[in-house]
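Asks: Predicted structure and sequence below. I'll ask about it afterward.
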Amino acid sequence: MPVVGAAGQTPLEICRAARDEAAARGLTPLILDTAGRLHIDEGMLDELKVIKREVTPHHVLLVVDAMTGQDAVTVAERFNQAVGIDAVILTKMDGDSRGGAALSVRHVTGRPIAFVGMGEKTDALEPFHPDRLASRILGMGDVLSLVEKAQETVDQAKAEEMVRKLREDSFSLDDFRTQLQQLRKMGPLDQIMGMLPFGKMLKGGAPAELDGEQADLARFDAIITSMTPSERRSPEVINGSRRQRIARGSGTSVQDVNRLLKQYAQLRKMMKQFKGMEGKLGKLKGLPGFPTLKG
């Protein structure tokens, strides 16, 4: 997207030039990103008043940092009194803060929260859902957002194929790698865990542990890539010398290779147990008093 502005121009001149160019080229929307401040600056407030009066924007959005707590509330109240805002964007909601500042900001300004920032890129700007934030503040996570994120990143056809392979016990290391890649697409593990009810409590709330597990996903992907096609299909052929070769090729250790193979074996064992349970439940179908299972 085009950016307008040159050294030596005042903020008002830049805003006017941007408005005129957008109108001439038929560009929409036009975003006027004014200078940010962590604290109240009277000179900046006067500057914003002039820009609002001269350029007449359709909407005035205030971006506040959810990590600053009470300072965010003070800034929001002062800006609303001096300039007048239409809505708020709450950033850094992917951090450790549960977002309690949102309640205070909404109360003191009387203005809605339009968006929340869940990362550093533009696609991390999400619509604000009050019920989900309430669940987060209460420590109940945000399962709905997690489901939406999964729907956006997970290929439905691939997911169904994985289920079929798990049922048929034909789940290979290639399939395991595909699952790891899908998980990595969903974002940092600490963010995903934060969406689960008491997720950070379950993980001990230790960012270092979560960072380590995120690194494990990349390490496991490299290990599987270093294997031959036959080793991925039949990992039981991977002996000591093969493990050393795989470790060297992936830039990892033999212990890392062993850990991957162990987790893969545990996954297959667990799925066999589920399959056995399905078989036992299937035999019970039709018996008096036994509920009908769907799906």
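Replies: Thanks, I have it. Residues are numbered from 1 along each chain as shown.

Asks: show me where this protein has helices.
Replies: 11-25, 42-55, 70-82, 101-109, 130-137, 143-153, 156-167, 173-185, 189-194, 199-202, 207-225, 229-233, 240-250, 254-284 (DSSP state H).

Asks: least reliable of those going by mean pLDDT?
Replies: The minimum mean pLDDT among those belongs to helix 199-202 (a mean of 44).

Asks: What are the structural domain limits within the chain?
Replies: Split into domains by automatic domain parsing, the chain comes to 59-138, 152-270.

Asks: mind checking how far residue 253 is from residue 7?
Replies: Applying Cβ to Cβ, to the nearest Å, the value for residue 253 to residue 7 is 52 Å. For every residue, glycine as well, the C-beta is placed using N, CA and C.

Asks: hang on, the earlier thing: export the domains of the chain to CSV and tack on distance to residue 46 and mean neighbour count?
Replies: Putting these into CSV (distance: least, Cβ to Cβ, whole Å; neighbours: other Cβ atoms under 10 Å) gives the following:
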stretch, distance to residue 46, mean neighbour count
domain 59-138, 9, 17
domain 152-270, 39, 15
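
Asks: Nearest to residue 13 among the ones you listed would be which one?
Replies: Checking the domains of the chain against residue 13 by Cβ to Cβ gives domain 59-138 as the closest, at 19.1 Å.

Asks: picking up where we left off before, tabulate the domains of the chain (CSV), appending distance to residue 18.
Replies: Output for the domains of the chain, formatted as CSV (distance: least, Cβ to Cβ, whole Å):
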stretch, distance to residue 18
domain 59-138, 15
domain 152-270, 32
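
Asks: among those, which is nearest residue 43?
Replies: Set against residue 43 and scored by Cβ to Cβ, the domains of the chain come closest in domain 59-138, at 11.7 Å.

Asks: Look up which residues are beta-bridged to the residue nearest to residue 127 when sequence neighbours are not counted.
Replies: Nearest non-adjacent residue to residue 127, counting by Cβ to Cβ, 6 or more residues apart in numbering: residue 115, 6.2 Å away. Under DSSP bridges, the beta-bridge partners of residue 115 are residue 89, residue 127.

Asks: Numbering from 35 from now on, please.
Replies: In the new numbering, first residue 35, that becomes residue 149.

Asks: Please list all residues in contact with residue 149.
Replies: With contact set as Cβ atoms under 8 Å, 6 or more residues apart in numbering, residue 149 has these partners: 123, 124, 159, 160, 161, 162.

Asks: cool, residue 110 as well?
Replies: With contact set as Cβ under 8 Å, 6+ apart, residue 110 has these partners: 96, 98, 119, 122, 139, 142, 143.

Asks: 6 Å instead?
Replies: Residues near residue 110 by Cβ atoms under 6 Å, 6 or more residues apart in numbering: 96, 98, 139, 143.

Asks: Find the nearest non-adjacent residue to it, please.
Replies: residue 139 (4.6 Å).

Asks: Thanks again, I'm all set now.
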